[in-house]
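S.K.: what's the 3D shape of this:
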Amino acid sequence: MKTKLFIISLFLILLTASTSASIKLSKDATISILTCSPGNELYSLFGHTGIRVVDKANDMDIVFNYGTFDFATQGFYFKFARGLLPYQLSCSEFRRFLSSYIYDERSVYSQTLNLDSIQKQYLMDLLFENYQPANREYLYNFLYDNCSTRVRDIIEKSTDNQITWIAQPSTKSFWNLLDEYLGRSPWIQWGIHTILGSPATSTATIREQMFLPDYLMYHLDSAAYNGAPLVQPIETVYEAPEQDLSTPWYFSPFFVFAICTLALILLLQKAKSRRLLKAIAIPFFIATGVVGCLIVFLCFFTKHPTMFPNFNAFWANPLNLIAAFFLGKRTLPWIINKYLFIYLYLLIIGFLLWFLFVPAVPYASMVIMVWMIYLCIRLRQSGK
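M.R.: Sure, this is the predicted structure:
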């Protein structure tokens, strides 16, 4: 055991120390793609992909992992929000890698690449080059450059881009693909639908689908190289027990928003109080204004893709923050009445656009739009 740890440690030191050094694989070495099932944390909701290298002749069993980030990074949350957080390639013992997924009760599957010795060595050299300190960091992009797409790209490069991806045509959009994983987390689902713009409704190509580890595994399973299967049949390394972590339907954003909207409308219809109307309206104008500021920030001040245009800006308008301030006044200034008129029509236009141009209608947001339409009508009536 000590010998094995020493060899692995020496191997990692060599990787870090020199770009000219190289690890010569034996003819019996194998390289496989590991696919890990989704976890419960936000960053693990969509699963994970790694590359395992096993060479018994060199007493080697390691995993390369493109999904590593450091919470201690200076300005971590600000960089994450702006899409400037560096991710990096890491390397660890397979035993440690697997134990962490067993602890989290996340399944792990393996697909061994059908490559000859020369191609395996070339792939190993590419991984070795990527692991050098000057190369291991990259600018993470959730949809287009992540732990799964990096694995896809390096496999394609090691085979001189001769892989044939065989799959049935699909009309799934990025939203459709994400929703397959977010169904059990409806509040996160609604949040992602709110911040992602209309480009996320476009159809994802076969290669683009591979930003999700499960889809990379699926497409690898049917891929061909030189007229033969690219990978061997899928093997189960660890099968986690089934868990039911779904959120009850009555805690979903749509149901909660719908019940609250109905209750507030009934309350305001019965009370007929101008003061109560404003007291209820102000927090909602503040909340939608804050969300609007977030959308503007993501659209124009970050590197995140698929953010602009965002139809949610029809209801989440930053100017609502200014309107909220004046709603607290005894009488509404004429400019605010004009704004409410314009905002009302923007809400109606946005409501219609969802049905015309957005395949996956976010019903929770539709409820918010209906509620804000009602508030605008009532506020304009009370201001006359």
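S.K.: mind checking how far Arg106 is from Ser185?
M.R.: 16 Å (Cβ to Cβ, to the nearest Å). Using the backbone N, CA and C atoms, a C-beta is placed for each residue, glycine as well.
S.K.: typed the wrong thing, it's Met307
M.R.: Taken as Cβ to Cβ, the span from Met307 to Ser185 is 21 Å.
S.K.: again with Tyr238
M.R.: In terms of Cβ to Cβ, Tyr238 sits 23 Å off from Ser185.
S.K.: one more: Asp153?
M.R.: For Asp153, the distance to Ser185 - Cβ to Cβ - is 29 Å.
S.K.: run through the strands of the stretch 201-350 of the chain in chain order.
M.R.: Counting by DSSP state E, counting those that start in this stretch, the segments of the stretch 201-350 of the chain that form strands are 224-225, 228-229, 235-238.
S.K.: give the pairing partners of the second one; include direction for each.
M.R.: Read it as strand 228-229. Sheet pairing for strand 228-229, assigned by DSSP bridges, gives strand 224-225 (antiparallel).
S.K.: so how far is the strand it pairs with off the chain centroid?
M.R.: 29 Å (Cα atoms, centre = their mean, to the nearest Å).
S.K.: got it, and stretch 45-56?
M.R.: For stretch 45-56 - counting by Cα atoms, centre = their mean - the centre lies 19 Å from the chain centre.
S.K.: what residue ranges in the stretch 251-384 of the chain score low on pLDDT?
M.R.: Along the stretch 251-384 of the chain, the model assigns pLDDT under 70 to residues 359-360, 383-384.
S.K.: what residues sit buried inside stretch 55-70?
M.R.: Asp55, Asn58, Met60, Asp61, Ile62, Val63, Phe64, Asn65, Tyr66, Gly67, Phe69 (16 or more other Cβ atoms under 10 Å).
S.K.: in a strand, the fifth one, correct?
M.R.: Yes. Read with DSSP: H, G, I helix; E, B strand; the rest coil, Ile62 is one of the residues of a strand.
S.K.: who's it bridged to?
M.R.: Bridge pairing for Ile62 - DSSP bridges - gives Val53, Glu93.
S.K.: who touches Gln209 in this structure?
M.R.: Gln209 makes contacts with Ser170, Lys172, Leu177, Tyr215, His219, as judged by Cβ atoms under 8 Å, 6 or more residues apart in numbering.
S.K.: any chance of these in a markdown table, plus pLDDT?
M.R.: Below are those laid out as a markdown table (pLDDT from 0 to 100):
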| residue | pLDDT |
| --- | --- |
| Ser170 | 83 |
| Lys172 | 92 |
| Leu177 | 96 |
| Tyr215 | 98 |
| His219 | 97 |
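S.K.: are any of those residues buried, and which?
M.R.: Lys172, Leu177, Tyr215, His219.
S.K.: ok, the last one touching Phe211?
M.R.: No. Under the criterion of Cβ atoms under 8 Å, His219 lies out of contact with Phe211, with a separation of 11.4 Å.
S.K.: ok so, going back, tell me which of Met307 and Ser185 has more neighbours.
M.R.: Neighbours were counted for Met307 and for Ser185 using other Cβ atoms under 10 Å; Met307 has more, 21 against 18.
S.K.: doesn't Ile192 make contact with the more buried one?
M.R.: No. Met307 is not in contact with Ile192 according to Cβ under 8 Å; the separation is 11.5 Å.
S.K.: mind listing what's buried in stretch 126-136?
M.R.: In stretch 126-136, the ones that count as buried by 16+ other Cβ under 10 Å are Leu127, Phe128, Asn130, Tyr131, Arg136.
S.K.: so the second one, which of the three states?
M.R.: Right, Phe128. Reduced to three states by three-state DSSP, Phe128 is helix.
S.K.: my read: it touches Ile23, true?
M.R.: Yes. Between Phe128 and Ile23 there is a contact at 6.4 Å, judged by Cβ under 8 Å.
S.K.: and the residue lying closest to Asp55 once chain neighbours are set aside, backbone torsions?
M.R.: Spatial nearest neighbour of Asp55, chain neighbours left out: Ala29 (3.9 Å); criterion: Cβ to Cβ, 6 or more residues apart in numbering. Phi and psi for Ala29, reported as degrees, to the nearest 10, are phi -70, psi 150.
S.K.: number of nearby residues for Ala29?
M.R.: There are 20 residues near Ala29, going by other Cβ under 10 Å.
S.K.: oh, and call the first residue 42 from now on, that's how I've got it
M.R.: Okay, using 42 as the starting number, the last item reads as Ala70.
S.K.: surely it and Val94 touch.
M.R.: Yes. Taking contacts as Cβ under 8 Å, Ala70 lies within contact range of Val94: 6.9 Å.
S.K.: retrieve the pLDDT associated with the spatially most central residue of the chain.
M.R.: For the chain, Phe183 is the residue whose C-alpha lies nearest the centre (Cα atoms, centre = their mean; 5.3 Å). With respect to pLDDT, Phe183 has a value of 90.
S.K.: ok, Thr114 next?
M.R.: Confidence score, pLDDT, at Thr114: 80.
S.K.: just checking, it is part of a helix?
M.R.: No. Under three-state DSSP, Thr114 falls outside any helix and is assigned coil.
S.K.: mind listing what it touches?
M.R.: So Thr114 contacts Lys120, Leu126, Pro127 (Cβ under 8 Å, 6+ apart).
S.K.: output the residues you listed as a markdown table; include the columns distance to Leu339, neighbour count and secondary structure.
M.R.: Shown next, in a markdown table, are the contacts of Thr114 (distance: Cβ to Cβ, whole Å; neighbours: other Cβ atoms under 10 Å; DSSP: H, G, I helix; E, B strand; the rest coil):
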| residue | distance to Leu339 | neighbour count | secondary structure |
| --- | --- | --- | --- |
| Lys120 | 14 | 17 | helix |
| Leu126 | 14 | 18 | coil |
| Pro127 | 19 | 14 | strand |
